[in-house]
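[1] 3D model of this:
(2 chains)
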Protein chains: 2
Amino acid sequence: MSYKSNPIANKISCVMYGINSKILLDNTKIKELLLEALKQENFKILGQIEHEFRPQGYTLVVLLAESHAAIHTYPEYNSLVFHIYGCKGEGDGRKTFEFLKEKLEPKKIDFHEKEFILKPNM
Amino acid sequence: MSYKSNPIANKISCVMYGINSKILLDNTKIKELLLEALKQENFKILGQIEHEFRPQGYTLVVLLAESHAAIHTYPEYNSLVFHIYGCKGEGDGRKTFEFLKEKLEPKKIDFHEKEFILKPNM
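    Next up is the predicted model:
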């Protein structure tokens, strides 16, 4: 029981607005982009789960050795929500976010980032 | 294609510190608590994926009709990270958080909440 994970984790959450409908309605493409983005940042994918909503909307959640990432699409609003929580350390998830931003070309982004300290200071 | 989801989503992320090791090392119990917490708030569970790390640590991600929830345990720090993103509207996830808090009895919590507007204002 001597293993200790990195005591710093990072969370990125954002809404990407104004994404082209052609991409936003293509769930296979969205999945391909997220998996590729995660590989770019050397996240280890342990599993994934997805759901295609009717008439539209898609959720993909990926379980990582370093935590999890998720995408939820809202084609009715031309927007998409992306979350990544990684515990490799400071700034985790930024490369994944940047890759998605480049590929999805949103017109506007509402971006939030928060560091988490896992080690208690009590 | 006339369906529109609620344009307001809510994200809660927190670190719960100082949780009793007996609970924190019991992955079955942790899973049971999260699923029960989600039911308390009437979230619809569509699927789940989990991973037990060696020698310790557990990740559970639940795919919801209203988005997703996740727990990552860090027994080496006596802490746990909980995330929930829900798109039923304002304050989504609070009941789930409160239920977990009551059952896990953490000594300290680092709590973050953020509302997301899915409808673009461009």
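
[2] which residues does the residue nearest to A:Lys119 when sequence neighbours are not counted contact?
    Leaving aside its sequence neighbours, A:Lys119 sits nearest to A:Pro7 (CB to CB, 6 or more residues apart in numbering or on different chains; 4.0 Å). Any C-beta I mention is one placed from the backbone N, CA and C, and that applies to glycine too. Neighbour list for A:Pro7: A:117-119, B:77 [criterion: CB atoms under 8 Å, 6 or more residues apart in numbering or on different chains].

[3] do the same with A:Ser13
    A:Ser13 neighbours (CB under 8 Å, 6+ apart): A:81-83, A:112-113, B:11, B:13, B:85, B:114, B:116.

[4] How about A:Asn6?
    A:Asn6 sits next to A:87-89, A:118 when contact means CB under 8 Å, 6+ apart.

[5] other SSEs contacting whatever helix or strand A:Glu102 lives in?
    Element membership for A:Glu102 (DSSP states H and E) is helix A:94-104. If contacts are counted by 3 or more CB pairs under 8 Å, 6 or more residues apart in numbering or on different chains; DSSP states H and E, helix A:94-104 sits against strand A:8-17, helix A:27-40, strand A:79-86, strand A:108-117.

[6] Name the residues that touch it?
    Outside helix A:94-104, the residues within contact range by CB under 8 Å, 6+ apart are A:12, A:14, A:16, A:19, A:23, A:33-34, A:36-38, A:40-41, A:43, A:69, A:80, A:82, A:84, A:109, A:111, A:113.

[7] Pull out the buried residues from stretch A:112-122.
    Neighbour-count burial for stretch A:112-122, counted by 16 or more other CB atoms under 10 Å in any protein chain shown, picks out A:116, A:118-120.

[8] Let me have the residues you listed in a markdown table, extended by distance to B:Leu100 and pLDDT.
    Below are the buried residues of stretch A:112-122 laid out as a markdown table (distance: CB to CB, whole Å; pLDDT from 0 to 100):
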| residue | distance to B:Leu100 | pLDDT |
| --- | --- | --- |
| A:Phe116 | 16 | 93 |
| A:Leu118 | 17 | 93 |
| A:Lys119 | 20 | 86 |
| A:Pro120 | 17 | 78 |
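
[9] between those residues, which is nearest chain B?
    A:Pro120 (3.9 Å; CB to the nearest CB).

[10] quick one: the closest one and A:Pro55, what's the gap?
    When distance is defined by CB to CB, to the nearest Å, A:Pro120 is 46 Å away from A:Pro55.

[11] now A:His112
    From A:His112 to A:Pro55 the distance is 29 Å (CB to CB).

[12] ditto for A:Lys39
    31 Å.

[13] give me the beta-bridge partners of A:Ser13?
    Residues in a beta bridge with A:Ser13, per DSSP bridges, are A:His83, A:His112.

[14] re the thing from before, so which of A:Lys39 and A:Pro55 has more stuff around it?
    Taking other CB atoms under 10 Å in any protein chain shown, A:Lys39 and A:Pro55 do not tie; A:Lys39 has more neighbours (13 against 9).

[15] so who does the more buried one touch?
    Applying CB under 8 Å, 6+ apart to A:Lys39 gives the contacts A:Ile45.

[16] Tell me the pLDDT of it.
    Note on A:Lys39: pLDDT of 95.

[17] again with A:Met122
    On pLDDT, A:Met122 comes in at 68.

[18] same check, this time on A:Asn6
    On the pLDDT scale, A:Asn6 is placed at 87.

[19] Once you drop chain neighbours, what's closest to A:Gln48?
    Spatially, and ignoring its direct neighbours in sequence, A:Gln48 is nearest to A:Val62 (4.7 Å; CB to CB, 6+ apart).
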